[in-house]
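Undergrad: Below is the structure, and that's it, no one-letter string:
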């Protein structure tokens, strides 16, 4: 299938692998002068299973044994990201000469915005991507915001605001990736955004452990169980949930050992735990929305969780009167929205424009993000 491209508008390619590390999303997009984002083509590229296992372990706080190991995994991630970009170009029929730039998120392996000094680390050597694709690559978007006193996350609220910020209503954009995060766009006032807690990362890990499959298709495993209210209350007592924005988190905070600690030595049916993990996501998202944008009329959902009808049902139950719908209703593909966002950030960087929102990250001001690796 050959993609249909507007020959008068530059193409950008976005690469994104999130907390779940369930694949590299690659998206070709155009940004018309009149505004908006035109999705051209998308492809999700698989990780090598052994490399993915390493990434999951690192994300959960595992240590890298040596500088040699760090260099090797950084190069391996970069090579895999380049393979994702080249596969997308091959499948779409788009010539690489048509693409102005690649925006690469890399793979987050550690995120410590509250450390002293604060830091965040995304691996995936962008030099490898530029070399293997022949396309200028912009990467390392988060660390400049951290250097300016921000969390470096979430970064997508700026993209959400640019694409979805003209509504005459209070609305939220909810990304249900490995971690859930909200972008809050009031009709009047300053946009905000922050992580709300775990989403797919914990549910996927529990499903893998007890079902031997990487995710809970349609939320069926969770739907077969009952919410354990005592266990849910224990998880909700986690102090992180009570922190005010700006805040961000990752797999190093919310992993199966964290969940298991609240379970003690008691016997819990696997399906009941899955149901309770799903309820934890719904509860923390709903609590955050009510606390910070209580007048929200609409929640636009993107990320892998948009494919989990049980999760969407529980969100709707906890947010009566709020419209819960896919971002696709508003023209943004929910599966590739974050990859599209990093393509947009690459454009911003090349054009000398800021890519962060200080009201979201807590940075001292707007900053041009990322490092440019010429073709």
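TA: In hand now; what should we look at? This is a predicted model, so every value here is computed, not measured.

Undergrad: And what about residue 193, helix, strand or coil?
TA: What DSSP: H, G, I helix; E, B strand; the rest coil gives for residue 193 is strand.

Undergrad: and residue 138, which of the three is it?
TA: Residue 138 ends up strand, using three-state DSSP.

Undergrad: separation between it and residue 85?
TA: 13 Å (CB to CB, to the nearest Å). (Glycine included, C-beta is placed from N, CA and C.)

Undergrad: any residues in contact with both of those two?
TA: Residues touching both residue 138 and residue 85 (CB atoms under 8 Å, 6 or more residues apart in numbering) are residue 102.

Undergrad: elements contacting the lowest-mean-pLDDT helix or strand in the chain?
TA: Sorting the helices and strands of the chain by mean pLDDT, DSSP states H and E puts helix 49-59 at the bottom, at a mean of 91. Contacts defined by 3 or more CB pairs under 8 Å, 6 or more residues apart in numbering; DSSP states H and E place helix 49-59 against helix 67-92, strand 107-112.

Undergrad: Would you mind listing the buried residues in that helix?
TA: Neighbour-count burial for helix 49-59, counted by 16 or more other CB atoms under 10 Å, picks out 51, 52, 54, 55, 56, 58, 59.

Undergrad: Could you tell me which residues make contact with residue 118?
TA: 112, 146, 151.

Undergrad: Pretty sure the second one sits against residue 152.
TA: Yes: contact criterion CB atoms under 8 Å: residue 146 and residue 152 qualify, at 4.1 Å.

Undergrad: which residues do the two both contact?
TA: By CB under 8 Å, 6+ apart, the residues touching both residue 146 and residue 152 are 113, 120.

Undergrad: Those two: who's more crowded?
TA: For the pair residue 146 and residue 152, the greater number of neighbours falls to residue 152 (26 against 22), based on other CB atoms under 10 Å.

Undergrad: For the more buried one, which three-state class applies?
TA: Classification of residue 152 using three-state DSSP returns coil.

Undergrad: Could you find the closest non-adjacent residue to it?
TA: residue 142 (3.5 Å; CB to CB, 6 or more residues apart in numbering).

Undergrad: just to revisit the earlier point, can you list the buried residues of helix 49-59 in TSV and add distance to residue 265?
TA: Formatted as TSV, these follow (distance: CB to CB, whole Å):
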residue	distance to residue 265
51	35
52	31
54	31
55	31
56	26
58	29
59	27
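
Undergrad: Please identify which of those is nearest to residue 207.
TA: Of all those, residue 56 has the smallest distance to residue 207: 13.7 Å, by CB to CB.

Undergrad: Give me the mean pLDDT for stretch 200-215.
TA: Averaged over stretch 200-215, pLDDT sits at 94.

Undergrad: Now name the helix or strand holding residue 6.
TA: In the assignment (DSSP states H and E), residue 6 maps to no helix and no strand.

Undergrad: In contact with it, which residues?
TA: When contacts are counted by CB under 8 Å, 6+ apart, residue 6 touches 30, 32, 38.

Undergrad: ok, now how distant is it from residue 306?
TA: 27 Å.

Undergrad: same check, this time on residue 361
TA: 24 Å.

Undergrad: Which one of these two is surrounded by more residues?
TA: Counted by other CB under 10 Å, residue 361 and residue 306 do not tie: residue 361 has more neighbours, with 28 against 22.

Undergrad: Which pLDDT value belongs to the closest residue to the more buried one other than its chain neighbours?
TA: Setting aside the residues directly before and after it, residue 361 is nearest to residue 150 in space (CB to CB, 6+ apart), at 3.4 Å. Listed pLDDT for residue 150 reads 97.

Undergrad: That'll do, ta.
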